Each structure stands twice: as C-alpha cells, then as structure tokens.
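Asker: need coordinates for the below:
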Amino acid sequence: MHTHTLDYFSPHRAESSARARGCLTCTHFHGQFFSGHVLCEREPQWPHVVGVARDGCCHWLREPGADDE
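Answerer: Below is the predicted model of the structure:
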C-alpha cells in the first residue's frame, strides 16, 4: 500500500535557525516566563502563556539578529 504525504501549510515549520527556536526568538517575547512557560506579550494588555515555545505561532516575528551566528 502506497502512502502519500501532503505538505500542508504549517506556521510552525522551521524555515530558519531562528524559527526553529520558536517563541524564544520572536519580537513579542520579552524574556518573561510564568511557571516555566514563555509569556507572550503580543497583546500587552492580555499576555498569555505559550505551552510549547519551540512551536511558536502564526504571530511569530523574527527578532532582528536572532539567527546571526
């Protein structure tokens, strides 16, 4: 039986070394944690906890210099 895999859009796909580190290299992350989880501050009035920071989200914006080696 042949199994065909489709490549669907994924906002979590690592396209750069910065993207592979998810929220930790996002411009919305200001170094704040809550109970060991990243605190996203995209909406400063409603910060929220990110369960798996390496996955990032569709609002991820590359922090300038995040993937400089």
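Asker: beta-bridge partners for the nearest residue to Phe34 once chain neighbours are set aside, please?
Answerer: Leaving aside its sequence neighbours, Phe34 sits nearest to Val49 (C-beta to C-beta, 6 or more residues apart in numbering; 5.3 Å). (C-beta placed from N, C-alpha, C; glycine too.) For Val49, the beta-bridge partners are Leu39 (DSSP bridges).
Asker: the strands in this protein, which residues?
Answerer: Per DSSP state E, the chain carries strands over the ranges 29-34, 37-40, 48-50.
Asker: residue ranges with poor pLDDT in the chain?
Answerer: For the chain, residues meeting the criterion pLDDT under 70 lie at 1-16, 18-20, 56, 66-69.
Asker: where do the helices of it begin and end?
Answerer: Assigned by DSSP state H, the helices in the chain fall at 17-20.
Asker: what's the local residue count around the residue nearest to Phe34?
Answerer: Val49: 14 surrounding residues under other C-beta atoms under 10 Å.
Asker: how about the one 5 residues further on?
Answerer: As a burial measure, the neighbour count of Arg54 was computed by other C-beta under 10 Å and equals 14.
Asker: how about it, what does it touch?
Answerer: Applying C-beta atoms under 8 Å, 6 or more residues apart in numbering to Arg54 gives the contacts 20-24.
Asker: re earlier: to Pro64, which of the strands of the chain lies closest?
Answerer: Pro64 lies closest to strand 29-34 among the strands of the chain, at 13.2 Å (C-beta to C-beta).
Asker: what packs against that closest one?
Answerer: On a contact count with 3 or more C-beta pairs under 8 Å, 6 or more residues apart in numbering; DSSP states H and E, strand 29-34 meets strand 37-40.
Asker: the strand it packs on - contacts with which helices or strands?
Answerer: By 3+ C-beta pairs under 8 Å, 6+ apart, strand 37-40 packs against strand 29-34, strand 48-50.
Asker: okay, the ones you listed in CSV with distance to Cys57 next?
Answerer: Shown next, in CSV, are the helices and strands packed on strand 37-40 (distance: least, C-beta to C-beta, whole Å):
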stretch, distance to Cys57
strand 29-34, 11
strand 48-50, 7
